Every structure is written in C-alpha cells, then in structure tokens.
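> Just a sequence and a predicted model for now, questions to come.
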Amino acid sequence: MHILGRYDRLDLPLLGLYNIHAKIDTGAFSSCIHCHKAEVVNGVLEIILLDDEHPKFSGKKFSFREFEVRSIKNSFGEVERRFVVFTTLRIFGEEITTEFSLSNRGSLKFPILIGRKILRNRFLIDVTQKNLSYREKRRRRLAVKKKNR
C-alpha cells in the first residue's frame, strides 16, 4: 500500500493531462476536477477542463457519451447537481478507472480533489508529506535516463 501526502501531482492520461496538482481530501467522499464549461449537446456531454488561468489549460473540448448527473454535497454542505464522468487516473504508476464530478474549482488552489472513494484500500495518508507519487515518478525517469546513457 502506497503512502500519499496532503497533495500530489497525478496524470489523467485519457484526457492528456499530466502532473496536475491534486489535493488529497479524506473528508470528501468522491473526487472532482475543475471544469471550465460543460453542456449536453444531442445527448453527449461536452466539457472543457481547467481554465485559461491554469498553465496546463489547452481549451480542448472532451466529449462523453456516458455520464451521469448526481446531487453532490459540496464542502459547505449544500447540495449541487453535477455531471459525473469516468476516466483513468494514474498515480504511483498505477492506473485506476474512477469517476470525477465536474465542478468550478477555479478559485481554489488545486484543480483536482481526490476523495475517500479512490483512497480506500489503496493508500495511507500522511499529512506531513507531499508529492510522494510525483517524486517517485521523477526518480524512475532519472534512473531510466542514467541507464540509457
């Protein structure tokens, strides 16, 4: 079982997003990602992730034929209707297919929030640590470079 700190960087390879800052939140049940724009067009959910303030923003539109709309309680205890999509998350080199609700997190420091649903039975949390998966990924990359010299 891997140890995660209070935040890390992770990849969403199917969405072309790599090394995105994520807050590890054991107080949240589900996970969410910052969504700039979302609309259903002819039964297909079209979204734009992040926003032009984020350095990894591409403006690329993603389409999801399979999605859900759920009532989700935000951090203030208010119920919001949110779109929920499924995608693959990569952390510590492990790929996990999971769901993310879409929310405007533009005013928040971390565009992704990882909740207990992903964490349970996979990770232990040490709040004194940070970027443990990202540091391991960088070490592996450097080791491969040295080996190939």
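That came through fine.
> From here on, just use CA atoms for contacts and neighbour counts.
Fine.
> In contact with the closest residue to residue 116 other than its chain neighbours, which residues?
Spatial nearest neighbour of residue 116, chain neighbours left out: residue 29 (4.9 Å); criterion: C-alpha to C-alpha, 6 or more residues apart in numbering. Taking C-alpha atoms under 8 Å, 6 or more residues apart in numbering, we find residue 29 in contact with 115, 116, 117.
> cool, and residue 100?
30, 31, 32, 33, 84, 85, 86, 87.
> What pLDDT does the model give it?
Listed pLDDT for residue 100 reads 96.
> Any buried residues in the helix or strand hosting it, and which?
Using DSSP states H and E, residue 100 sits in strand 94-103. By 16 or more other C-alpha atoms under 10 Å, the buried positions in strand 94-103 come out as 99, 100, 101, 102, 103.
> just stretch 13-32 next, same as before
20, 21, 22, 23, 24, 25, 26, 28, 30, 31, 32.
> ok, now stretch 36-56?
Buried residues in stretch 36-56 (16+ other C-alpha under 10 Å): 36, 37, 38, 45, 46, 47, 48, 49, 50, 51.
> now, the most widely separated pair of those residues?
In these, the most distant members under the criterion C-alpha to C-alpha are 45 and 51, with 17.6 Å between them.
> before we move on, back to that, could you give the separation of the strand holding residue 100 from the chain centroid?
Relative to its chain's centre, strand 94-103 lies at 6 Å (C-alpha atoms, centre = their mean, to the nearest Å).
> Heading C-terminal from that strand, find the next helix or strand.
Once strand 94-103 ends, the next helix or strand along the chain (criterion: DSSP H and E) is strand 112-114.
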